[in-house]
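S.K.: Structure of the sequence below:
(one chain, ligands or ions: 1)
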Amino acid sequence: MIRKIFIIGCGRILKKHLDSITLLKKKIKLVGVSDTKSKRLNSVSKKLKVEGFSDYKKGIIKTNPNLVVILTPSGNHAKNIMDALNLKKNVIVEKPMCLRISDGKKIINLAKKNKKRVFVVMQNKFNLPVLKLRKDINKSKFGNIFHSSVIVRWRRDQKYYNNDSWRGTWKLDGGVISNQASHHLDLLRSIMGDPVSVFAKSSNHLAKIQCEDTALIIFKFNKNRTAIMEATTAMRPKNIEGSISVLGTKGSAKIGGFALNKFEYYNLNKNINLLKYQTNPKNVYGFGHIKFYTHVLESLISEKKSEFEAENAIKTVELINAIYKSIETNKEIYLKNKIASKRLGI
Ligand SMILES: NC(=O)c1ccc[n+]([C@@H]2O[C@H](COP(=O)([O-])OP(=O)(O)OC[C@H]3O[C@@H](n4cnc5c(N)ncnc54)[C@H](O)[C@@H]3O)[C@@H](O)[C@H]2O)c1
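M.R.: Numbers count the residues shown, from 1 in each chain. Predicted structure coming up:
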């Protein structure tokens, strides 16, 4: 069965999705696209030879897809997801799933009610070093992981923020924490589990935006385990690092490159060929989107639960909110209290 795909949002990340759909053409087919910018919509729909719709609900009703793919500004995701769920469609949505915890809960409830599924793109989890590290951690090869350290040093210049008015705003995006570092927060959770508490500070070094371009975060986990994150979009002149290192009782490892795309070290007793896991992506998006699509299709066929679904993704939304809450209040925030950040909206 070839599944039909409808895409909402034809901006920057569209190409990664189109490439995946093309490579998986025996399994999926694009049937329609939507964008509110008419020039953009017309050029994409003409190029791809599919019908374009300024109103995505009309497009979904007319083309009757199996999957709706949402690539709109992050603050729109919740409404777009709920509209698609109300039309009884499965959903793929770009990260982060949504900004508000309350919206995340509504999405989960609606998906359950309509027996549909929401998958959130976290393509870096399919990077070869990430798969290898998580596999070996699960096999306890590193012993107990007691500390982790994340660094995101990326370049997003003023032109990037100025090009699209939603970027760097509380209503539609947030700063480096909710946008760029949401990948790394999600990955940190999948390695360390959910933190017990966070304490964070933020700054705005170079970007003239409402939100932060730089954040420093201390995480505490159960059993006295810890993590630290430094994330910035103020790196110049180019993206330099998107990394995570883990320290365990039996070994340590660091995945680095600018997009979690190679091992910097893998300190276990046994030697491994680190180059086998290295890729050289052109940009920070990497090569994971196609593997993500393959995973979604397999999950739909097998009906197996996936870690990319809303029930898990909401925990990253909760973590992002707790970090902002800590910055707002200058306090350590305990996640069990599930406190929403006022800045992102309750
Ligand atoms: N996985 C990744 O690595 C990655 C990378 C980049 C972006 N993203 C995420 O993808 C999303 C989109 O980012 P982008 O950089 O492509 O943004 P963008 O601004 O380039 O594109 C968004 C598009 O959505 C359209 N849009 C807005 N509201 C709409 C509506 N109601 N109906 C139809 N179209 C609508 C806009 O006109 C625009 O063309 C964001 O949530 C972002 O966080 C993820």
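
S.K.: Please give me every residue in contact with the closest residue to the ligand within the chain.
M.R.: As assessed by Cβ to the nearest ligand atom, the ligand sits closest to residue 11 within the chain, at 1.8 Å. Where you see a C-beta, it was placed from the backbone N, CA and C, and this is true even at glycine. Neighbouring residues of residue 11 by Cβ atoms under 8 Å, 6 or more residues apart in numbering: 35, 40, 71, 164.

S.K.: for the last one, what are its contacts?
M.R.: Which is residue 164. 11, 73.

S.K.: Check the one 10 residues further on too.
M.R.: Residue 174 makes contact with 74, 99, 211, 320, 324, 343, 344 under the criterion Cβ under 8 Å, 6+ apart.

S.K.: Let me know the secondary structure of it.
M.R.: coil (DSSP: H, G, I helix; E, B strand; the rest coil).

S.K.: got it, and residue 149?
M.R.: At residue 149, secondary structure determined by three-state DSSP is strand.

S.K.: residue contacts, it?
M.R.: Going by Cβ under 8 Å, 6+ apart, the list of residues near residue 149 reads 227, 228, 229, 244, 245, 247.

S.K.: what about the fourth one, which helix or strand?
M.R.: Yep, that's residue 244 we're talking about. Per DSSP states H and E: residue 244 is located in strand 241-248.

S.K.: Now that strand - C-alpha only, CSV.
M.R.: What follows is strand 241-248 as a C-alpha-only set of coordinates in CSV (Å, rounded to 0.1, in the frame of the first residue of the first chain):
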residue,chain,number,x,y,z
GLU,A,241,29.7,21.8,17.5
GLY,A,242,26.6,19.8,18.4
SER,A,243,27.9,17.3,20.9
ILE,A,244,27.1,15.1,23.8
SER,A,245,29.5,13.3,26.0
VAL,A,246,28.7,10.6,28.6
LEU,A,247,30.7,9.5,31.6
GLY,A,248,30.0,6.0,32.9
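
S.K.: neighbouring contacts of that strand?
M.R.: So strand 241-248 is contacted by 124, 133, 137, 142-154, 183-184, 187-188, 191, 235, 252-260, 264, 284 (Cβ under 8 Å, 6+ apart).

S.K.: Just these: which are in strands?
M.R.: Taking DSSP state E, the ones among those that sit in strands are 145-153, 252-256, 264.

S.K.: How is the closest residue to residue 23 other than its chain neighbours assigned, secondary-structure-wise?
M.R.: Leaving out its chain neighbours, the residue that sits closest to residue 23 by Cβ to Cβ, 6 or more residues apart in numbering is residue 290, at 5.3 Å. Secondary structure, three-state DSSP: residue 290 is helix.

S.K.: can I see the domain layout of the protein?
M.R.: Listed by automatic domain parsing, the domain ranges of the chain are 3-123+291-309, 125-283+315-337.

S.K.: From the chain's centroid, how far away is the shortest one?
M.R.: Mean-position distance between domain 3-123+291-309 and its chain equals 14 Å (Cα atoms, centre = their mean, to the nearest Å).

S.K.: end to end, how far does that domain reach?
M.R.: Chord length of domain 3-123+291-309, first to last residue, is 19 Å (Cα to Cα, to the nearest Å).

S.K.: what's the answer for stretch 20-27, then?
M.R.: OK, stretch 20-27 end separation, Cα to Cα: 11 Å.

S.K.: if we can go back for a sec, buried subset of the ones in strands among the contacts of strand 241-248, written for PyMOL?
M.R.: Selection of buried members from those for PyMOL, criterion 16 or more other Cβ atoms under 10 Å:
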select buried, resi 145+146+147+148+149+150+151+152+153+252+253+254+255+256
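
S.K.: Residue numbers of the chain in contact with the ligand?
M.R.: Proximity of the chain to the ligand, by Cβ under 6 Å from any ligand atom, involves residues 8-13, 34-37, 40, 56, 71-74, 76, 94-95, 121, 123, 164, 179, 285.

S.K.: what about stretch 308-325, average pLDDT?
M.R.: Mean pLDDT, computed over stretch 308-325, is 98.

S.K.: My error: substitute stretch 82-91 in the last question.
M.R.: pLDDT averaged over stretch 82-91 gives 98.

S.K.: now the strands: where do they sit in the chain?
M.R.: Using DSSP E, strands in the chain cover 3-8, 28-34, 51-53, 67-70, 90-93, 118-120, 145-153, 197-203, 214-220, 226-232, 241-248, 252-256, 262-267, 333-334.

S.K.: Now do the third one: everything it contacts.
M.R.: If I follow you right, that is strand 51-53. 31, 32, 33, 34, 35, 41, 42, 44, 45, 59, 62, 63.

S.K.: try 10 Å this time
M.R.: Residues outside strand 51-53 that contact it (Cβ atoms under 10 Å, 6 or more residues apart in numbering): 6, 8, 10, 31-35, 38, 40-46, 59-63.

S.K.: So in that sheet, which strands flank that strand, and in what orientation?
M.R.: strand 28-34 (parallel) (DSSP bridges).
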